[in-house]
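*Asks:* Model the structure of this input:
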Amino acid sequence: MREDEKEQRIRDLEAELARLYTMLESAPNFITRATVDGRFLYVNRLAPGYRREDVIGASICDFMPPSFHDRVHESIRRAIATREVQSFMSIGQTTSNTLGHYLARIAPVVEGGVVTSLVMIATDITELEDHRLRLCLALEASKLGIWTHDPQTGHSTWDETTHRILGLPEGLEAHDFWPQLIGSIHPDDRERIAATLATALTSGRCEATEYRIRWPDGTSRWVEVSGKATRSESGSVVLLVAGVMDITERRLLETRLLQAQKLESIGRLSGGLAHDFNNILTLVLGNLEFALEHVQADSDLAALLHETHRAATKSTSLTAQLMVIARRQLIRPQVLDPNALLTSIESLLRRVLGPEVEMIVTLEAGHQVEVDPTQLEQVVLNLVTNARDAMPHGGRVVLRTRNVHFDEATVRMHPGLAPGNYVEITVQDTGVGITSETRERLFEPFFSTRKLGMGLGLATCYGLVKQSGGHIHVDSEPGRGSTFHVYLPGVQIDTGVDVSRTAGAQIDTEVDASRTN
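*Replies:* I've put the predicted structure just below:
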């Protein structure tokens, strides 16, 4: 090669090198070259507030918090060992006074078969990270989980909220998410939802759908899922993005609200019927009493009239119960200590239960309540009698009082209650339990699972408690017994009673247990 050709070649290389430096220095990323122990040899540009002599020769770790140093050292070690590009997220200096988020890539430079230096490219993703954090906070506040699924590769992603809502196992692999999602659907909903998801993977549409899922522990939750798909140029779905929300609380609240509204409607109807029926009974009783005054006392007609009068009088107790259900009964509330009231009727309750039922009484309430004492006695007696009947072969009943506080979130689950302090009276048994279908109708008037039951006992309890400004509900499953919870507004007192005792129930005399459901 002639001398002039060599000089031209050198000038061309210098021009190309100048162009490369211009490209490097105008790049939006930080492009650096470093030694194998992580010290800068070259930087394409400097963050505001730094001088070149502050950077060249300094360690990469000098420009990030200590908590990220191990991450950098591990990435360098792996890049040298594998001779492959390593990526990591970090926080570093965006200016001499501020920190930001970076996505960094470290690549080994191999010369003569040896890694002689490293090239690191760091992209400032602070703005993207800020947007991501805001989106995460918004999703967390809305309790909405996000998951994606690629039907072609079977690869899925999900966030922490989705993990929590669906009860996913720890360490779930990306390809196992879709089978886990399908498998978690409640058996009664699986065919419908599987068809909906299959349609979404072909049509790209996933309308808001509600269904039940089963957690690994066997419990069920209600969720709502909606989504949208992205398509390739050919029109096939390449990614399904969906949002999932736990609506168990909402469904439970809707159910309880509908039940409360139904009971309220039935109560009004019962009250109207009781009022009209009571007017008729008044006329009947008046005429019977008039007739008895004008017949011979020892005649057969007098005997029939007396029997009719007793039947009509007994019917008035039925109208009284219906008035309770309608919450139209005249009450005489007074401030009282629920512990003292239950103590006064404890011997009666033990006789009702009989010798085969163990009774445990734990009185811990520190508030008084404002109720009609006769009505509260009737409620407890009804619940204890029902507990006895649920244990035909004996068992255990736990009667307990305690203070509870309801906040705004709690009262949303119990329509009609206001936030504040309450006394909880619970009657728990070890009986046969109650099915979900029966629980939904348990407090309805005239609903009974017993052949000879009138179905007014628990309906009366419901009316009495509601008339006192309280709430009653039951927790029960077949084979696991039942727990009835009665909540009455509490009145603070300075000292409370804390008594616990256990004894076998003793029977002395028979009592009237006809006021049962």
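*Asks:* how far away is residue 45 from residue 216?
*Replies:* 52 Å (Cβ to Cβ, to the nearest Å). Any C-beta I mention is one placed from the backbone N, CA and C, and that applies to glycine too.
*Asks:* what about the stretch 351-500 of the chain, any weak spots by pLDDT?
*Replies:* Applying pLDDT under 70 to the stretch 351-500 of the chain flags residues 413, 415-416, 445-457, 492-500.
*Asks:* Just give me the neighbour total for residue 470.
*Replies:* When neighbours are defined as other Cβ atoms under 10 Å, residue 470 has 23 of them.
*Asks:* got the contact list for residue 206?
*Replies:* By Cβ atoms under 8 Å, 6 or more residues apart in numbering, residue 206 lies in contact with 196, 197, 199, 200, 225, 226, 227, 228, 229, 240, 242.
*Asks:* and the closest residue to residue 142 other than its chain neighbours, helix, strand or coil?
*Replies:* Among residues not flanking residue 142 along the chain, residue 245 sits closest, at 7.8 Å (Cβ to Cβ, 6 or more residues apart in numbering). Under the three-state scheme (DSSP: H, G, I helix; E, B strand; the rest coil), residue 245 adopts strand.
*Asks:* Would you mind measuring from residue 245 to residue 399?
*Replies:* As judged by Cβ to Cβ, residue 245 and residue 399 stand 40 Å apart.
*Asks:* returning to that earlier point: neighbour-wise, which of residue 45 and residue 216 wins?
*Replies:* Counting neighbours by other Cβ under 10 Å for residue 45 and for residue 216 shows that residue 45 has the greater number, 15 against 9.
*Asks:* Now the phi/psi pair for that one, please.
*Replies:* Backbone dihedrals for residue 45, given as degrees, to the nearest 10, come out at phi -160, psi 170.
*Asks:* isn't it right next to residue 25, touching?
*Replies:* Yes - in this structure, residue 45 is within contact of residue 25 by Cβ atoms under 8 Å, at 5.6 Å.
*Asks:* Tell me the spatial nearest neighbour of residue 208, not counting adjacent residues.
*Replies:* Nearest non-adjacent residue to residue 208 (Cβ to Cβ, 6+ apart): residue 226, at 4.1 Å.
*Asks:* I'd like the average pLDDT over the helix or strand where the one you found lies.
*Replies:* Per DSSP states H and E, residue 226 falls inside strand 220-231. Mean pLDDT, strand 220-231: 86.
*Asks:* before we move on, what about stretch 12-19?
*Replies:* 86.
*Asks:* try stretch 25-34
*Replies:* Mean pLDDT, stretch 25-34: 87.
*Asks:* Straight-line length of it, end to end?
*Replies:* Using Cα to Cα, to the nearest Å, the end-to-end distance of stretch 25-34 comes out at 17 Å.
*Asks:* in it, what's buried?
*Replies:* For stretch 25-34, burial by neighbour count (16 or more other Cβ atoms under 10 Å) applies to 29, 30, 31, 32, 34.
*Asks:* likewise stretch 76-84?
*Replies:* So, applying 16+ other Cβ under 10 Å, buried residues of stretch 76-84: 76, 78, 79, 80.
*Asks:* quick check, the last one in a strand?
*Replies:* Yep, that's residue 80 we're talking about. No - assessed by three-state DSSP, residue 80 does not belong to a strand; its assignment is helix.
*Asks:* what's the pLDDT at it?
*Replies:* According to the prediction, residue 80 has pLDDT 94.
*Asks:* Test my guess that it contacts residue 106.
*Replies:* No - in this structure, residue 80 is not within contact of residue 106 by Cβ under 8 Å, at 9.3 Å.
*Asks:* Next, show the common contact partners of the two.
*Replies:* residue 118.
*Asks:* Could you export the buried residues of stretch 25-34 to a markdown table, including columns for secondary structure and distance to residue 117?
*Replies:* Shown next, in a markdown table, are those (DSSP: H, G, I helix; E, B strand; the rest coil; distance: Cβ to Cβ, whole Å):
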| residue | secondary structure | distance to residue 117 |
| --- | --- | --- |
| 29 | coil | 18 |
| 30 | strand | 16 |
| 31 | strand | 13 |
| 32 | strand | 10 |
| 34 | strand | 7 |
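*Asks:* Distance to residue 404 added to the buried residues of stretch 76-84, as JSON lines?
*Replies:* As requested, the buried residues of stretch 76-84 are exported to JSON lines (distance: Cβ to Cβ, whole Å):
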{"residue": "76", "distance to residue 404": "58"}
{"residue": "78", "distance to residue 404": "56"}
{"residue": "79", "distance to residue 404": "60"}
{"residue": "80", "distance to residue 404": "63"}
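*Asks:* Quickly list what the residue nearest to residue 208 is bridged to.
*Replies:* For residue 226, the beta-bridge partners are residue 243 (DSSP bridges).
*Asks:* cool, the one 5 residues further on as well?
*Replies:* Going by DSSP bridges, residue 231 is paired in beta bridges with residue 237.
*Asks:* Distance of it relative to residue 240?
*Replies:* Residue 231 sits 11 Å away from residue 240, going by Cβ to Cβ.
*Asks:* Which one's more surrounded, the two?
*Replies:* residue 240 (21 against 11).
*Asks:* all helices of the stretch 351-500 of the chain, in order?
*Replies:* Assigned helices in the stretch 351-500 of the chain, in chain order: 373-389, 408-411, 436-441, 457-467 (criterion: DSSP state H, counting those that start in this stretch).
*Asks:* let me fix that: the stretch 151-300 of the chain
*Replies:* 160-166, 177-184, 187-203, 248-292, 300-325.
*Asks:* Need the mean per-residue confidence for the host helix or strand of residue 130.
*Replies:* According to DSSP H and E, residue 130 maps onto helix 126-142. The average pLDDT within helix 126-142 is 82.
*Asks:* elements contacting that helix?
*Replies:* Under the contact definition 3 or more Cβ pairs under 8 Å, 6 or more residues apart in numbering; DSSP states H and E, helix 126-142 sits against strand 99-111.
*Asks:* So what touches the strand it packs on?
*Replies:* Strand 99-111 is contacted by residues 30, 33, 65, 75-76, 79-80, 83-94, 115-126, 128-129 when judged by Cβ under 8 Å, 6+ apart.
*Asks:* Direction included, what does it pair against?
*Replies:* By DSSP bridges, strand 99-111 pairs with strand 86-93 (antiparallel), strand 114-124 (antiparallel).
*Asks:* Including mean neighbour count and distance to residue 8, could the ones you listed go into CSV?
*Replies:* What follows is the strands paired with strand 99-111, written out as CSV (neighbours: other Cβ atoms under 10 Å; distance: least, Cβ to Cβ, whole Å):
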stretch, mean neighbour count, distance to residue 8
strand 86-93, 17, 41
strand 114-124, 17, 30
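*Asks:* Throw these into TSV and include distance to residue 286, thanks.
*Replies:* Shown next, in TSV, are those (distance: least, Cβ to Cβ, whole Å):
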stretch	distance to residue 286
strand 86-93	90
strand 114-124	94
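*Asks:* Now do residue 163 against residue 226, distance only.
*Replies:* Distance of residue 163 to residue 226, given as Cβ to Cβ: 19 Å.
*Asks:* tally of neighbours for the residue nearest to residue 208?
*Replies:* Neighbours of residue 226 under the rule other Cβ under 10 Å: 16.
*Asks:* Could you pull up the contacting residues of it?
*Replies:* For residue 226, the contacting residues are 206, 207, 208, 209, 242, 243, by Cβ under 8 Å, 6+ apart.
*Asks:* Of those, which is the nearest to residue 158?
*Replies:* For these, the closest approach to residue 158 (Cβ to Cβ) belongs to residue 242, at 9.6 Å.
*Asks:* who's in contact with the closest one?
*Replies:* 146, 147, 148, 149, 200, 206, 225, 226, 227, 228.
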